[in-house]
Structure formats: C-alpha cells, structure tokens
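*Asks:* mind folding the following:
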Amino acid sequence: MKVQYDPDIFQRLKTVDVRIRKRFQEQIALFKRNPHDPHLNNHALKDAYKGYWSIDITNDYRAIYEEVSTDDKGGDTLAYFFLLGTHKELYE
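*Replies:* A predicted model of the protein is given here:
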C-alpha cells in the first residue's frame, strides 16, 4: 500500500524521543509490506475517529491514517497518515 504523510506528522516526530522516531520508521516499513501484519494491530476506529484506522508504533504510541482512493474506479488505495501520539493524547 502506498503511504503519504500530513506535514504535521514530521513536526510531531521532531518532538518525540529518537526511539519513537526509529520505531515509527520500522512500523511504516512493515505497514508498506503488509498493512495487516499482526504486529501493527491495524484496526478501524470508532466514535470521533470513525472512518479512520490506527496502527501501533509502540505499546503507547499510535499513528492514525485514512484510506484514500487514488483513482476514479476505487482500485488503488493510499494510506494518508495524519496523527501521531500516545493513546491518551489521541483518545482522551
């Protein structure tokens, strides 16, 4: 699956520990190979984030993305990552 990032993701990555940045890169590489790998805990969200998806970066950090069709026929899908934060920051 193709991946694209909101510029705010890069700003957020600058503020987190280097271990989080490294883990983010590792998890995104895994996501590109297999978006449904069990290590990602990729799942649909509900309530305020209905229509979006989340993957685990660490036990506490999550990355939220939206699946966007890149053609008129709905064949190709792009994962647009737009939020990164701890579980508490994102969901409470």
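
*Asks:* and the residue most central in space within the chain, bridged to which residues?
*Replies:* The geometric centre of the chain, computed from its C-alpha atoms, lies nearest to Ala63 (C-alpha atoms, centre = their mean), at 3.4 Å. Per DSSP bridges, the residues bridged to Ala63 are Ile55, Leu84.

*Asks:* cool, Leu78 as well?
*Replies:* Under DSSP bridges, the beta-bridge partners of Leu78 are Lys2, Val68.

*Asks:* one step back: which ones are touching the residue nearest to the centre of the chain?
*Replies:* Counting by C-beta atoms under 8 Å, 6 or more residues apart in numbering, Ala63 makes contact with Ile9, Phe24, Gln27, Ile28, Ser54, Ile55, Ile57, Phe81, Leu83, Leu84. The C-beta positions use only the backbone N, C-alpha and C, and glycine is treated the same way.

*Asks:* in TSV, list those residues along with pLDDT.
*Replies:* Output for the contacts of Ala63, formatted as TSV (pLDDT from 0 to 100):
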residue	pLDDT
Ile9	96
Phe24	98
Gln27	98
Ile28	98
Ser54	98
Ile55	98
Ile57	98
Phe81	98
Leu83	97
Leu84	97
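
*Asks:* so which of those residues comes closest to Thr15?
*Replies:* Closest approach to Thr15 among the contacts of Ala63 (C-beta to C-beta): Leu84, at 9.7 Å.

*Asks:* would you mark the buried spots in the top helix by length along the chain?
*Replies:* Longest helix of the chain, by residue count under DSSP state H: helix 18-33. By neighbour count with 16 or more other C-beta atoms under 10 Å, helix 18-33 contains the buried residues Ile20, Arg23, Phe24, Gln27, Ile28, Phe31.
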